[in-house]
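Colleague: Kindly generate the corresponding structure for this input.
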Amino acid sequence: MSAYRPIAKLKQNDVQAFNLLKAPLRRTVSPIFEMLRMPDDGDAEKHLAKTLGAFDLYGDGATPIVDLDRFLPKTTVFERHPADWGYDSIFSKQKRVIPVLSMHADASSLDVLVGAAEKHRQGICLRLDGEDVALAPEKAIKDLSARVGQIGILARDADLLIDFAKLRYLRDPAVIAVLRFLGLVDGYGLSFRNVIFAGSTVVDFVSEAAAEEHTTGSVRRDEFSIWTRLIRAYGWGRRLQFSDYGIVRPEHMDNVRSKYTNGKVRYTAGGSIHYFRGCRKDHISLKDQYPDIVRRLVASDVYKKPGYSNADDFFWSVAQGRDNTGSTGRWVRLDMNHHLTYVAQQVEAVLALGERERASDELVDAFAERF
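Modeller: Predicted coordinates:
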């Protein structure tokens with residue numbers, strides 16, 4: 001099992017990004033799937049059915065963590081609790097998942113989520129907000145310990161996800177907050193199956209990375225730097241795993257349409273995500289601008305090579321004039337597929353380096369940047 005546990009939305013193209021991973025990554029990278037936030041005027045039954053339709057596309061990859069409770073309204077669907085119906089639907093299709101129990105889940109969700117975990121028999125994932133860990137670690141550990149006792153599942157059968165989502169903290173405060181909290185976890189004798197650190201520095205708008213049209217800019221992946229600091233301080237190995245939101249921002253919502261949408265490729269390399277920006281689609285259609293964007297990528301120093309990932313094969317083909325698409329969803333799938341491929345290998349390489357050399361922070365940073 002990979003020490004990389006990426007968070008992805010339950011949308012068709014995001015799910016397909018995992019299916020298109022090349023072996024052996026497809027069977028070792030275990031995703032954390034979560035629902036999109038439902039619009040205020042949305043229909044809960046239709047929203048959940050669409051979500052499960054996307055999950056049905058997930059192929060023969062590693063057993064995923066699936067959060068069906070976080071963004072659902074407090075209502076019923078098909079006369080049942082929505083998460084109860086959702087996890088039962090997945091189970092009926094001979095698929096097994098690890099359900100998620102948020103520390104903010106209400107009483108109506110608790111029995112449902114514990115029951116789903118008992119049915120699927122893959123354990124459970126307890127989800128903590130990073131902000132709670134940073135601002136009130138003593139309260140967070142007391143609440144966590146009480147929740148573990150409440151659900152009747154042993155810590156060794158549970159994953160702990162510490163999710164900062166959109167990182168609002170500088171590198172050092174986040175490291176200090178998590179290390180302090182993990183020390184409290186150990187002090188309470190809570191030996192979780194896995195502890196997963198998650199965060200994202202993906203920008204809301206491409207202009208935050210590349211200010212002008214037809215330019216290229218980069219955004220540092222602070223979440224990865226934080227994780228490398230954590231494993232050095234907390235202990236090498238696979239006790240503390242890494243998670244991010246791929247190339248999609250945590251607050252992403254479905255069905256947002258805008259004439260201001262820019263063509264862009266988001267390409268992960270080193271410690272950054274590189275944004276190859278085109279222009280607004282009402283200036284040049286997306287399909288017409290992508291060949292130029294991709295040629296800039298392929299000619300750059302960060303592009304890997306054909307064969308590196310399914311996405312890199314497609315990028316090369318577009319640059320050669322043999323393929324193209326104007327579908328924004330497909331470009332999300334491609335950008336995500338390259339990102340998953342790259343980060344999964346980067347995480348394993350950093351762990352191997354640390355286990356072999358007890359590497360310093362500077363050496364890890366330099367290695368990750370060159371990888």
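Colleague: residues in contact with the spatially closest residue to residue 371 that is not a sequence neighbour?
Modeller: Leaving aside its sequence neighbours, residue 371 sits nearest to residue 346 (Cβ to Cβ, 6 or more residues apart in numbering; 5.1 Å). C-beta: built from backbone N, CA, C; applies to glycine. Under the criterion of Cβ atoms under 8 Å, 6 or more residues apart in numbering, the neighbours of residue 346 are 224, 368, 371.
Colleague: Most neighbours of all those, which one?
Modeller: With neighbours taken as other Cβ atoms under 10 Å, the top of the contacts of residue 346 is residue 224, carrying 23 neighbours.
Colleague: Look up which helix or strand that residue falls in, please.
Modeller: Assessed by DSSP states H and E, residue 224 sits inside helix 222-234.
Colleague: Next, the buried residues of that helix.
Modeller: Across helix 222-234, burial judged by 16 or more other Cβ atoms under 10 Å covers 222-232, 234.
Colleague: Residue 44: which of those is nearest?
Modeller: residue 223 (31.6 Å; Cβ to Cβ).
Colleague: Residue 331 against residue 315, yeah?
Modeller: No - with contact defined as Cβ atoms under 8 Å, residue 331 does not count as touching residue 315 (10.3 Å).
Colleague: which neighbours do these two share?
Modeller: In contact with both residue 331 and residue 315: residue 265, using Cβ under 8 Å, 6+ apart.
Colleague: quick one on the thing from earlier: so which elements touch the helix holding residue 224?
Modeller: helix 171-187, strand 194-200, strand 240-243, helix 328-357, helix 361-370 (3 or more Cβ pairs under 8 Å, 6 or more residues apart in numbering; DSSP states H and E).
Colleague: Could you dump these into JSON lines with distance to residue 114 and mean pLDDT added?
Modeller: Below are the helices and strands packed on helix 222-234 laid out as JSON lines (distance: least, Cβ to Cβ, whole Å; pLDDT from 0 to 100):
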{"stretch": "helix 171-187", "distance to residue 114": "21", "mean pLDDT": "87"}
{"stretch": "strand 194-200", "distance to residue 114": "19", "mean pLDDT": "95"}
{"stretch": "strand 240-243", "distance to residue 114": "23", "mean pLDDT": "95"}
{"stretch": "helix 328-357", "distance to residue 114": "30", "mean pLDDT": "90"}
{"stretch": "helix 361-370", "distance to residue 114": "39", "mean pLDDT": "73"}
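Colleague: Out of these, the one nearest residue 99 is which?
Modeller: Closest approach to residue 99 among those is made by strand 194-200 (15.0 Å; Cβ to Cβ).
Colleague: what comes into contact with the closest one?
Modeller: Contacts of strand 194-200 (Cβ under 8 Å, 6+ apart): 5, 7, 32, 130, 159-167, 174, 178, 182, 185, 222-223, 226-227, 230, 238-245, 249-250.
Colleague: if we can go back for a sec, which residues touch the helix holding residue 224?
Modeller: 164, 167, 171, 174-175, 178-179, 182, 197-201, 237, 240, 242, 244, 271, 343, 346, 350-351, 354, 359-361, 364-365, 368.
Colleague: Are any of these buried, and if so which?
Modeller: By neighbour count, with 16+ other Cβ under 10 Å, these hold 164, 167, 174-175, 178, 182, 197-201, 240, 242, 244, 271, 343, 346, 350-351, 354, 359, 364-365, 368 as buried.
Colleague: tell me which element residue 263 falls in.
Modeller: Assigned by DSSP H and E, residue 263 falls in strand 262-269.
Colleague: Good, wrapping up.
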